[in-house]
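Student: Got a predicted structure here, sequence first:
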There are 2 protein chains.
Amino acid sequence: MNFELTKEFILKIELFIQEKDANSIKEICENLLAPDVAEILKALKFHEAKYLLDVFEDEFAADILIELEEDLRERLLGDLSSKEIAEEVVDNLDSDDAVDVIQELSEKKQKEVLSNIPDPQQAIDLADLLSYAENSAGALMAKEFIKVNSNWSVLRCVSEMRKQAENIDKVYTIYVVNKENKLIGTVSLKRLLLTPEKTFISKVYNNQIISVYANSSGEEVARIMNKYDLIVLPVINDNDELIGRITIDDVVDFIKEEAEKDYQMASGITDNIEAVDNIWTITKARIPWLIIGMIGGLLGAVVIGLFPIIKNNYELAFFIPLIAAMGGNVGVQSSAIIVQGLASKKLGVDNWSKRFIKEFSVSLINGVICCSLVFILCYFFYNDKPEMINLNLTVSISLLTVMIFAALFGTFVPLILNKYKIDPAVATGPFITTMNDVIGLFIYFKIAEWILITA
Amino acid sequence: MNFELTKEFILKIELFIQEKDANSIKEICENLLAPDVAEILKALKFHEAKYLLDVFEDEFAADILIELEEDLRERLLGDLSSKEIAEEVVDNLDSDDAVDVIQELSEKKQKEVLSNIPDPQQAIDLADLLSYAENSAGALMAKEFIKVNSNWSVLRCVSEMRKQAENIDKVYTIYVVNKENKLIGTVSLKRLLLTPEKTFISKVYNNQIISVYANSSGEEVARIMNKYDLIVLPVINDNDELIGRITIDDVVDFIKEEAEKDYQMASGITDNIEAVDNIWTITKARIPWLIIGMIGGLLGAVVIGLFPIIKNNYELAFFIPLIAAMGGNVGVQSSAIIVQGLASKKLGVDNWSKRFIKEFSVSLINGVICCSLVFILCYFFYNDKPEMINLNLTVSISLLTVMIFAALFGTFVPLILNKYKIDPAVATGPFITTMNDVIGLFIYFKIAEWILITA
């Protein structure tokens, strides 16, 4: 039923390509959809991918191109003239996909392609779409929609649709505009199909309509579509005129990115880099957090320097990594839970005392488990040195204290930031880790002073 | 146009509720949609929310309930009898939403509600939906769909639709079945509208159809809908009979969760806990990673213990937190970039030498910046102690080495795991941090021996 790409399939295709056997290729790909063929293309060598793409009809080939990564698409389009791109690729795509392809070309080539598009209205539409800022609603929308007038009858509506719908693959909803061309509502195809032909649209349309302006951000579009469970969202201009529509599949990527943002923030990288970016971009995104971490590390050095006790108790140094690491780990866990709770809106911000009790209990249990284990392990390790019992006590008690402190710190810093409308995710990862390091070391050496000096 | 909840609005509503002024409430809420009113409810006190919900018609109130968090919904439904839940809530919902509501009730109440549903067919449908495993395609689907026979004419199709469509709010697509009731394709409403009435469906339907079995996982559903850009996906049973359909809005949550999983893994928490879970669940999810971190910390202690140099150079201890923290931070950054690159499939796994050069360059630049800063700061800090220059050199050189090593380690561990089909995300967070701590300390003290002893 659904296609699953296998090694055998690739070997077969490669053989057919080698033999230039286009018919056999068409045959085994007969029931495949564009995203399936795109998967195959990605697995082939470049010259093979090029041959395979040429085997298919222009319309299907254009759909395949849209499913590819930018790099591969650019290379495959590289050999085509502007005229070929315009007539064979762009002309076969919906306007939102067409714009994605054109945008990747050089400015010179963009103009050439636009001037070679057969349908002048399409050329105007595409030039318009190209004019919107990247990731705005205008840049995400497509121009393919059906628009009817509220003073039309259902019959007239269907006959007008016949004209408009010819080039539109999927009709999600029909938009209703008034005399001034302002968007005032929608009417579903189902309603049209089930309503007597002479009824006026004004009697049957739904006037509850959610829309966005063309300059709204992609994030805003994602938020609205997610909130109202929309599969298609109309885009209007400043005069409330309908100028396009955005479908949910184009917005899923934004929803994904929003979810990934917190992870990147927690990992100490800014949210707009990818593994495929160049060295400078990646370096710039990473260095700020590293410098914060470095300052934290140096502060740690200062804290340790405050405690002369280490001079005569160099063994204290052994457990610095343990104390620092556990403070960091617990803090990251706690803050991640809070940040995700806030992001998913599942967490009320009001009930802080309940949150305190829960986090304290969890960290107390985890802390007691870890500190008991450490105490027992050290006890056996230092079996032959009974004088080490005080060091062991110091480490175990500090570990428990630091773990509880780090959990509360990791919980309340993001909550407090959120209360003051600061993105709580900035407080996760390197920040929490660094703060917990410094404060954890202070706790450790303070407890060491009490236990080792009074002992 | 679109609703934005303000403090003033809440105060107004609270006043009307206090005055029991239902008409004014209806008036100011007239243009709101269910998700908007749900937002208002969440901001109110419980007795206010209860009053507000009662103001609206049953059908709208049911839509509002579906938009609420489970906790609040349960409390609001708490006072209703099984008969009221069946007739006022469940009967007004689509089957997928109705099942969500019923599932939250006690088993006893579930049976009572099912037996009180007015329409016997709906009761059977809901009992069927309740029988599927949580998060399976069967549990995600709804029973509201339009099914036509391939040997019907368009005319018959429209008249049958009239019957079927009565209770279906949104018709996304029309499913076509053959004589054996097997799903064989789809026909769009647009096609029906634009095709002569006497044409047979078998002549016009689209036989390329993607579907899933009822026992497929939610993740699989999300993957398929995302891959093929579907807004609705039919669900079939083992006999290939159409039994339901899943819409994209119900799957967006899965897509989000997939994206969030890596973050949770990196933060050292298992992927199925939430801030609202109970203490034991949270503790169990967190302790394994903490024990790994603890073992790492103790290994760190062992490593430091291997180097007697610390006895006479206790100042080496000052910079342990710096070395450990920077190794950890760099490692987490590198692994996060790779894990996200792999998750988004933007990263080919074959080109490792290119990846090595890039990661080495980035870490070299970052390392040189950080180690120069550390050297300069320490130089001025220890201005009055010229004998500290060797310690300073040790720290700076170690820092550079550790940062480069940690970056390569953080890059290649997830790549290698991925090559062997292990989820690369397990290698992030606590694991990478811990390994980098231990190895980083070894590097630091080894360099310390060379520089300080030979000096």
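Tutor: Great, that's in hand.

Student: so where is chain A shaky, pLDDT-wise?
Tutor: A:1, A:165-167, A:169, A:270-273, A:276, A:344-351, A:427, A:429, A:455 (pLDDT under 70).

Student: what ranges do the strands span in the stretch 151-300 of chain A?
Tutor: For the stretch 151-300 of chain A, the strands defined by DSSP state E, counting those that start in this stretch cover A:174-177, A:183-187, A:212-213, A:232-236, A:242-247.

Student: Please enumerate residues in contact with the shortest one?
Tutor: By CB atoms under 8 Å, 6 or more residues apart in numbering or on different chains, the surrounding residues in contact with strand A:212-213 are A:A137, A:E220, A:V221, A:I224, A:L233, A:P234, A:V235, A:I236, A:N237, A:D238, A:I246, B:N2. All C-beta spots, glycine's among them, are computed from the backbone N, C-alpha and C.

Student: and what of the second one?
Tutor: If you take CB under 8 Å, 6+ apart as the criterion, strand A:183-187 is touched by A:148, A:150, A:157, A:173-178, A:201, A:204-209, A:211, A:234, A:236, A:240-242.

Student: Can I have the buried ones of those as a PyMOL selection?
Tutor: Buried subset of those, written as a PyMOL selection, criterion 16 or more other CB atoms under 10 Å in any protein chain shown:
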select buried, chain A and resi 148+150+157+173+174+175+176+177+201+204+205+209+211+234+236+240+242
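
Student: and the contacts of strand A:183-187 near chain B, which?
Tutor: Subset of the contacts of strand A:183-187 in contact with chain B: A:Q208, A:S211, counting by CB under 8 Å from any CB of the partner chain.

Student: Distance of the residue nearest to the spatial centre of chain A relative to B:P308?
Tutor: With distances taken as CA atoms, centre = their mean, A:E257 lies nearest the centre of chain A, 1.0 Å away. Distance, A:E257 to B:P308, using CB to CB, to the nearest Å: 52 Å.

Student: Ok, A:I17 next?
Tutor: 66 Å.

Student: contacting residues for A:I209?
Tutor: Neighbouring residues of A:I209 by CB under 8 Å, 6+ apart: A:L183, A:I184, A:G185, A:T186, A:P234.

Student: hmm, try it at 7 Å
Tutor: For A:I209, the contact set (CB atoms under 7 Å, 6 or more residues apart in numbering or on different chains) comprises A:L183, A:G185, A:T186.

Student: how near is the nearest residue to A:T173 once chain neighbours are set aside to B:L230?
Tutor: In space, and not counting its chain neighbours, A:T173 is closest to A:T186: 4.9 Å by CB to CB, 6 or more residues apart in numbering or on different chains. Using CB to CB, A:T186 is found at 21 Å from B:L230.

Student: was I right about A:S153 contacting A:P196?
Tutor: No: judged on CB atoms under 7 Å, A:S153 makes no contact with A:P196 at a distance of 9.4 Å.

Student: what's the domain layout of chain A?
Tutor: As given by automatic domain parsing, the domain ranges for chain A are A:7-135, A:146-247, A:279-454.

Student: mind checking the end-to-end distance for the first one?
Tutor: The first and final residues of domain A:7-135 sit 37 Å from each other (CA to CA, to the nearest Å).

Student: Could you do the last one as well?
Tutor: End-to-end distance for domain A:279-454: 54 Å, by CA to CA.

Student: Please work out how many residues are found near A:D79.
Tutor: Look at A:D79: counted by other CB atoms under 10 Å in any protein chain shown, it has 8 neighbours.

Student: ok, now A:A406?
Tutor: A:A406, neighbours per other CB under 10 Å, totals 30.

Student: shouldn't A:L114 be in contact with A:L129?
Tutor: No: in this structure, A:L114 is not within contact of A:L129 by CB under 7 Å, at 10.9 Å.

Student: Compare these two (neighbour count), which wins?
Tutor: More neighbours surround A:L129 than the other of A:L114 and A:L129, with 24 against 18 (other CB under 10 Å).

Student: so what's the closest residue to A:E67 other than its chain neighbours up against?
Tutor: In this structure, A:E67 finds its nearest non-sequential neighbour in A:A38, 3.5 Å apart by CB to CB, 6+ apart. Applying CB under 7 Å, 6+ apart to A:A38 gives the contacts A:I64, A:E67, A:L68.

Student: Mark which of the residues you listed are buried, thanks.
Tutor: Neighbour counting by 16+ other CB under 10 Å classes A:I64, A:E67, A:L68 among the contacts of A:A38 as buried.

Student: what's the closest of these to chain B?
Tutor: A:E67 (8.7 Å; CB to the nearest CB).

Student: Does the closest one touch A:D36 like I think?
Tutor: No: using CB under 7 Å, A:E67 makes no contact with A:D36, being 8.9 Å away.

Student: any idea how far the residue lying closest to A:V89 once chain neighbours are set aside lies from A:V339?
Tutor: In this structure, A:V89 finds its nearest non-sequential neighbour in A:A62, 4.8 Å apart by CB to CB, 6+ apart. Look at A:A62 and A:V339: by CB to CB, they are 41 Å apart.

Student: Then A:V212?
Tutor: 27 Å.

Student: In terms of neighbours, single out the busier of those two.
Tutor: Neighbours per residue (other CB under 10 Å) separate A:V212 from A:V339, with A:V339 holding more: 30 against 25.

Student: Surely the more buried one is in contact with A:K261?
Tutor: No: using CB under 7 Å, A:V339 is not in contact with A:K261, being 10.3 Å away.

Student: what sits in contact with each of those two?
Tutor: Joint contacts of A:V339 and A:K261 (CB under 7 Å, 6+ apart) are A:A425.

Student: residue contacts, A:V235?
Tutor: Contacts for A:V235 (CB under 7 Å, 6+ apart) come out as A:A137, A:G138, A:M141, A:S211, A:V212, A:A214, A:I243, A:G244, A:R245, A:I246.

Student: picking that back up, who has more neighbours, A:S153 and A:P196?
Tutor: Using other CB under 10 Å as the criterion, A:S153 and A:P196 rank with A:S153 on top: 17 against 9.

Student: List the beta-bridge partners for the more buried one.
Tutor: Beta-bridge pairing of A:S153 under DSSP bridges involves A:F200.

Student: Distance-wise, check it relative to A:F200.
Tutor: 6 Å.

Student: and the stretch 1-150 of chain A, which residues reach chain B?
Tutor: Residues of the stretch 1-150 of chain A lying close to chain B by CB under 7 Å from any CB of the partner chain are A:M1, A:N2, A:L33, A:P35, A:E69.

Student: Just the ones of those in helices?
Tutor: Mapping these onto helices (DSSP state H) picks out A:P35.

Student: Now, of the residues of the stretch 1-150 of chain A next to chain B, which are buried?
Tutor: A:L33, A:P35.

Student: what's the closest of the residues of the stretch 1-150 of chain A next to chain B to chain B?
Tutor: A:P35 (5.0 Å).

Student: does the closest one really touch A:I66, like I thought?
Tutor: No: if you go by CB under 7 Å, A:P35 and A:I66 don't touch, sitting 9.3 Å apart.

Student: can you tell me which of the domains of chain A comes nearest to B:F318?
Tutor: The closest of those to B:F318 is domain A:279-454. By CB to CB, the value is 3.9 Å.

Student: which stretches of the stretch 101-250 of chain A form helices?
Tutor: A:107-116, A:120-130, A:137-140, A:154-164, A:189-194, A:201-204, A:218-227 (DSSP state H, counting those that start in this stretch).

Student: Of the ones you listed, flag the one that's most buried.
Tutor: Most buried of the helices of the stretch 101-250 of chain A, by mean neighbour count (mean count of other CB atoms under 10 Å in any protein chain shown): helix A:137-140, with a mean of 25.

Student: Pull up the gap between A:A343 and chain B, please.
Tutor: Note on A:A343: its distance to chain B, by CB to the nearest CB, to the nearest Å, is 8 Å.
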